[in-house]
Structure formats: structure tokens, C-alpha cells
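# Test case, fold it:
(2 chains)
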Amino acid sequence: MAVFKQQTPKKAPNPETKIVSWLRENLFPNATNSALTLLALYVIYLIVPVVANWMLFDATFAPVSNEQCGIKGACWSYIFEKLDLFIYGFYPPEIYWRPQWVLILALSFVWIAKLLKQHKYKTKITITLIIIYPIISFFLLYGGPGLEIVETYKWGGLMLTIIVATVGVIASFPIGVLLALGRQSKMPIIRFLSIIYIEFIRGVPLITILFMASVILPLFFKEGMDMDKLLRALIGITMFQSAYIAEVIRGGLQAIPRGQYEAADAMGLNFIQKIVLIILPQALKISIPNIVGSFIALFKDTTLLLIIGLFDILSMVHLTTSDEKWLGRSTEGYVFVMVVMWIILYSISHYSKVLELRYSTEHKN
Amino acid sequence: MASDLLYILLLLAFSGFCAQADTLSNVKAKNVLNCGVSTGLVGFSSTDSAGKWKGLDVDICRAVAAATLGDANKVRFVPLTAKERFIALQSGEIDILSRNTTWTLSRDTSLGINFVGVNYYDGQGFMVKKSLGVNNVKQLDGATFCLQHGTTTEMSLADYFTSHNMTYNSTLSDTSQQTKVEFETGRCDALTSDRSQLHAIRTTLKQPSSAIILPEIITKEPLGPSVRQGDDKWFNIVKWSLNTMIGAEELGINSNNASTQFKNPKILRMLGRSGRLHKHLGLDKKWAFNIISQVGNYAQSFDRNIGKDTHLKISRGLNALWNDGGILYSPPFR
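Residues are numbered from 1 along each chain as shown, chains lettered A, B, ... in the order given. Here you go, the predicted model:
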């Protein structure tokens, strides 16, 4: 018969030995890994102090001139001095409130849509907001009755980067969905045209399309008649992006089990009902990570606008480095663009993870 | 007979086309001048912190706007890359191209554009470390050069050294920023590029005073504005706007004294206070006065953009007036 005996309590593991054992398990399990760890530490030791000194400890943050900045560390005064240009381009400073409101409206519309979670008219209100928003934004940014007109050549900086990327992804989305469906279609002509379009666009780099839009297209116009350069670039980017979105969504469509189509047919749904109610919602949900991936790629590709003389954030930095009063500060400018891009793109990819979890209907283990 | 008729019809159609291409009326109707500039070149076209365009090339645009529209600020600057520039001019997207473009025979004849003159005489030069004790190019026999890959600089350097029976080594880089780093770290004895660029690179060195720019120039790079072919009236306007800036310097008129009373008949003619020069150009009587009072003369433009009032401190050199040791020369205003 087993008799319960009072055991002496074991000592809690020493936190120090815990760290040591973690280190041993993860960083120094054997000779090769130990060597690699030491090598990595050495590389960090070489890089981090230099970068940190340049970026922080030797850097100048006060609003001083280029000469007062010195050459030991970074001169962030340059960034502060040019910040308005980096964000708004040549947009007139007295009406910066207009692009600011475009952003505020975007955030508040997203917030409203979120609040309406269970509301009876949720879909209708959301769709109205989605249709109204671009119209209001265009009116605010460009102007019109009652608002001073700001022509697109004055748009620039981060504002232009965001506009181009957003318009590109939103406009290309419906086209992409249609192309994806067209590629799966049973009608040979539609299928054939969709395949030609998608494969042609995917076969050329974005830079070629932008170059066509900015350089070749004007030669076909009559002298003096010119189409807005930004509009040309936007059309080029939308054409490009829709081919990629189409392929991403096709991937989603192919992942839907055959049974879903058959079940929809068995319910007596017609083609449009089947696609809109059954297939697309599932296909889009599967495609979220890839759609976001191609949005991130597009966002980075907007920096190619430099080669057609539109001033996105990178081109704006490039332009200000030629200011005679601020010569030799290009490194600071490019580091700034890197940090801004990273913050924006990382937030987007983080948000996509949240979306994925929210719409996930899989069983979790 | 029939072919004659066809020929006349074609000619009529063509003249109709030409009449349509009246740039001055277009500019006046739009009330803004579209001017093609560079996407950022130190001293020639760049923006200040408020986003206002400035530079030697930019001032040409402003001068033409002042002459035609009476306001030097009625310019829409269209930043263009090297590849886009001629097409933008041909397609009518811009009215003037003022983008540090070298005037060469092939460009002048085969692109459907006309160069109106020269607003900056550039040329390939050399920057060397002061410690080398070199003061002219002939002493650089056997030296190593830092230069940008894929530019005409490479070819001109080879041409020059071969024709002078000298030898050299070269270190190639992709951007002008990299050539600067190579030069600073001592991988080469001299850096070669266009002189206006050398001055800009020199100001960004850790110790600008440790390098000197040699006086010689081994190539000719006359930079100037250009317009579309087929509109002689517009061609004249742009040409004489540039000449006004140069001529004003010669006559001693600048933006500060343009309103004062002059006695010199040459000045009175230029400023439109006597004579009818403006009629020949189809412009307002005050066209030249507007250029000088709003943009200034060539010396003012040079000094504030690349000359002594800037960090570049480029000396006038070839770009001084003809009676001052340079080769700038405006035909007379009469």
C-alpha cells in the first residue's frame, strides 16, 4: 500500500541558472552554433555603436543651418527643415488642412463602419461611405466649386505616395476580380483575352509601363493637348496592379473546394448569386495575405515615379539634396524615407494579420 | 498639274498646322508658362525649403514668363528626367526646355528642337588633392582618376590623354556620390566631371579646402535653353529674353536700379522707354523691364544661384562678359 509521504519542496529554479540554461539551449548548444553566435555578436558589435553614434549621440536635432550641424553625426535639422516638402510636396502650405482632412475622414469612416457591426443597414451605410469617400477626397485635394484648385503637379511627397498606392490598389481590385473570374470562365474569348492581358502585363516591369505612360503616350496626342501626368501614371499603375490582383484572387478561387460550387448550384442560385454570395467571400478571405503582400509591393514600387518626374517621398528627398544650402545630406534623407516606409509597411502587414484572424473560420487547435 | 495642286494643298494644310502652333498665344491663353527643368541639380534647378524653385536654369523660365505674362511667378515647372526632356518639348507638354542640356549639332538638327543660346558654358574639369602640389592637367601623367561610369566623361578623358601622349588609370563608380567617397578615401589622385558638378562635390567634402579645382577644361559643354522647331516668333522671344539678361549686365542695369532715370539711349531702348523693339517681338512695351526688375540681370542670377553668394562659389570664368575675360556676348538691342 502506497503511503503518502510529505515531500520536501523542491527549490524554485534559480532565475540565473534559468537564463544560463536558456542561453545554453538556444545560443550555445554545440560548437558550430556557438561559433555562429559569437560571430553574430561580433558583427552587431561592429555595426550598432557606429550607427547609434551617427543617428543619435553625435547627431544634431536643433534647428540650425547645414554648417552648424557639422559632419560627425547625422543632421536631423535637415529633415525638420524640409519636413513639409517631404509630406506634402508643393501643395500650398496655407491649405495643408485639406489633405489632413482626407486622412481624418478615412480614419473616421473606418471607425464608423466598425461601430456599425450589428446594425441592420450596415452593408448599405458601408457601401455609401465607400462610394462617397473618393468623391469627397478628390474634391478636397483638387478643389472645385468653393475651393481653390490645386493642380496635380503640386501634389507630392508622402501624400502622393499614399494617394498613388491607395488609388492603385482600390481601382485595380474590381478589375482584378473580373479578370480572375474571366480567366476561369467557360467562354473561350473572355478567357483568352483575360489570359493575354494578365500574362502580358505580368511579363513587363512596372517601370516600362510608367515610361510608356509618360513618354510614349504624349506622342500620340495632338500638340498642346495633354493629359494629366499623374492621371497617366495612375492608369498605368492600375493596369499593372490589376493583373497581379487577378492572379492572387485566382489562387483564392482555385482553393475553394468543388463542393462549394456544387452546393450553390444545388441551392438553385444563379451564376451571379453563386459567385457573389458563396465563392468570392471565401476566395477573398483566403487571399487576404497575398492581396496585402501585393499592396506592400505596390507601395514600394511608387518610388519608381521618380523616373517620370513625379515627386513621391523619395523623389522629394532626391530633389532637396540639390538645395545649395543643404548639400551633402542625402544619407539623412534616405534614412528618413527608410524609416517612414518601414513604419507604414509594417503597420499594414500587422493589420493584415489582424484581419486574417478576425475572418478566420478555421477550427483552431 | 494635278501634282502641283496636291503640293499646294499640302502646303496649305501644313501652314494651317503651323498657325495652330503659336506658342505665345497658347501661353497667354493659359496665363502660365510650362517650363521643363531638371529633377534636382545643384545651382541650376532645385527648390528651397519653402518649395520655391530656384537656379540658373529656373531663372530663364522666370525671365520668359516675365517677358510674356508680366509676372516671373507665372511658371509651372515640369521636372523632367534626361530621357523625357526632348519628348516633353516635342509633344507640347512644355513651352521651353531649360534643363542643363548641352547644345550639340545632332540635338539641334535631328530632334525637332532649336537651341536659343547658351546660359552656362560648362566643361569637363579636374579636382585634385591640394597635397599633391599639382596645378595643371599636364602634371597628371600616370595619375589615377575617379569618374562616373557610362558618361561622356569617360570618353573625353581617354581622348584627351591619348592625344597628349599621357597615361592614366581610372576607378569607376556608378553615381557622383560614390566618386566623391572614392576620392575622399584616397583611391584616386583626381576626380573628373563637369566643372559645375565638381564645385558642388567639393563643398560636400569633409575638408573642402583640401582639394582644388584645376583651371583647365578639356571639353565644351555649352548648356542652354531650347524650344520646339517651327515657331520662330517664340524662338525669338526666348532668345531675346536670355539676351536681355546678358545685355542688362553689360549696360549696368539690375533689379535694383531698373526703375531709375537713365540717360543712355541704349538703356532707354532696352527698357522700352524709347523705340519700338517690343513690336518686333510681339510683346508688351515693358517686357525687358519686367525681366530685369523681377529676375535681374545675368550677374545677379549667377551670383545668387552658383556664384559668390552661394556655397558653390563658382567663378565666372568663361561665363563672364566678353569685355570682362569671358565669352558671354549679347547682340545689340536696336
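# Residue in chain B with the shortest distance to chain A?
When scored by CB to the nearest CB, chain B has residue B:204 as its residue closest to chain A, at 3.3 Å. Glycine gets a C-beta too; all of them are placed from N, C-alpha and C.
# I'd assumed residue A:331 was in contact with that residue.
No: counting by CB atoms under 8 Å, residue B:204 sits too far from residue A:331 to count as a contact (10.8 Å).
# So for these two, which sits in the more crowded spot?
Using other CB atoms under 10 Å in any protein chain shown as the criterion, residue B:204 and residue A:331 rank with residue B:204 on top: 19 against 14.
# residues contacting that one?
A:327, A:328, B:180 (CB atoms under 8 Å, 6 or more residues apart in numbering or on different chains).
# which bits of the stretch 51-200 of chain A sit near chain B?
A:71, A:81, A:82, A:84, A:85, A:89, A:90, A:93, A:151, A:153 (CB under 8 Å from any CB of the partner chain).
# Could you dump those residues into TSV and include pLDDT?
Listed next are these as TSV, based on pLDDT from 0 to 100:
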residue	pLDDT
A:71	77
A:81	91
A:82	93
A:84	93
A:85	93
A:89	92
A:90	92
A:93	91
A:151	88
A:153	87
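# For these, which PyMOL command selects only the ones that are buried?
Those of those that count as buried under 16 or more other CB atoms under 10 Å in any protein chain shown are selected in PyMOL with:
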select buried, chain A and resi 81+82+84+85+89+90+153
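# Quick one: mark the members of the residues of the stretch 51-200 of chain A next to chain B that sit in strands.
With DSSP state E as the criterion, strands contain none of those.
# For residue A:280, which non-adjacent residue is spatially closest?
Distance criterion CB to CB, 6 or more residues apart in numbering or on different chains; nearest residue to residue A:280, sequence neighbours excluded, is residue A:177 at 7.1 Å.
# what's the answer for residue B:324, then?
Closest to residue B:324 by CB to CB, 6+ apart is residue B:316, at 7.4 Å.
# and what of residue B:275?
Per CB to CB, 6+ apart, closest to residue B:275 is residue B:269, 4.5 Å.
# any chance you could map the helices in chain B?
B:2-20, B:23-30, B:56-69, B:85-90, B:105-110, B:152-163, B:176-184, B:195-203, B:232-251, B:265-270, B:277-281, B:287-294, B:298-305 (DSSP state H).
# would CSV of those with mean pLDDT be doable?
Below are the helices of chain B laid out as CSV (pLDDT from 0 to 100):
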stretch, mean pLDDT
helix B:2-20, 42
helix B:23-30, 92
helix B:56-69, 96
helix B:85-90, 87
helix B:105-110, 90
helix B:152-163, 88
helix B:176-184, 83
helix B:195-203, 86
helix B:232-251, 96
helix B:265-270, 92
helix B:277-281, 92
helix B:287-294, 96
helix B:298-305, 95
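# now the ones you listed in CSV, with mean neighbour count?
Formatted as CSV, the helices of chain B follow (neighbours: other CB atoms under 10 Å in any protein chain shown):
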stretch, mean neighbour count
helix B:2-20, 10
helix B:23-30, 16
helix B:56-69, 28
helix B:85-90, 21
helix B:105-110, 10
helix B:152-163, 15
helix B:176-184, 19
helix B:195-203, 23
helix B:232-251, 22
helix B:265-270, 18
helix B:277-281, 14
helix B:287-294, 25
helix B:298-305, 23
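# so can I have JSON lines of these showing distance to residue A:111?
As requested, the helices of chain B are exported to JSON lines (distance: least, CB to CB, whole Å):
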{"stretch": "helix B:2-20", "distance to residue A:111": "54"}
{"stretch": "helix B:23-30", "distance to residue A:111": "43"}
{"stretch": "helix B:56-69", "distance to residue A:111": "45"}
{"stretch": "helix B:85-90", "distance to residue A:111": "44"}
{"stretch": "helix B:105-110", "distance to residue A:111": "57"}
{"stretch": "helix B:152-163", "distance to residue A:111": "57"}
{"stretch": "helix B:176-184", "distance to residue A:111": "45"}
{"stretch": "helix B:195-203", "distance to residue A:111": "49"}
{"stretch": "helix B:232-251", "distance to residue A:111": "55"}
{"stretch": "helix B:265-270", "distance to residue A:111": "65"}
{"stretch": "helix B:277-281", "distance to residue A:111": "60"}
{"stretch": "helix B:287-294", "distance to residue A:111": "50"}
{"stretch": "helix B:298-305", "distance to residue A:111": "49"}
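# nearest to residue A:11, of those helices?
helix B:176-184 (59.7 Å; CB to CB).
# and the closest one, is it in reach of chain A?
Yes: residues of helix B:176-184 contacting chain A under CB under 8 Å from any CB: residue B:177.
# Show me what that helix is in contact with.
Contacts of helix B:176-184 (CB under 8 Å, 6+ apart): A:330, B:127, B:146-148, B:171, B:173, B:188, B:190-191, B:193, B:197, B:201, B:204-206, B:211.
# and the residues you listed, which are buried?
A:330, B:127, B:146-148, B:171, B:173, B:188, B:190-191, B:193, B:197, B:201, B:204-205, B:211.
# so which two of the residues you listed are the farthest from each other?
Among the buried ones among the contacts of helix B:176-184, A:330 and B:190 lie farthest apart (CB to CB), at 23.0 Å.
# Contacts only, for residue A:305.
Shown in contact with residue A:305 (CB under 8 Å, 6+ apart): A:160, A:164, A:210, A:233, A:311, A:312, A:315.
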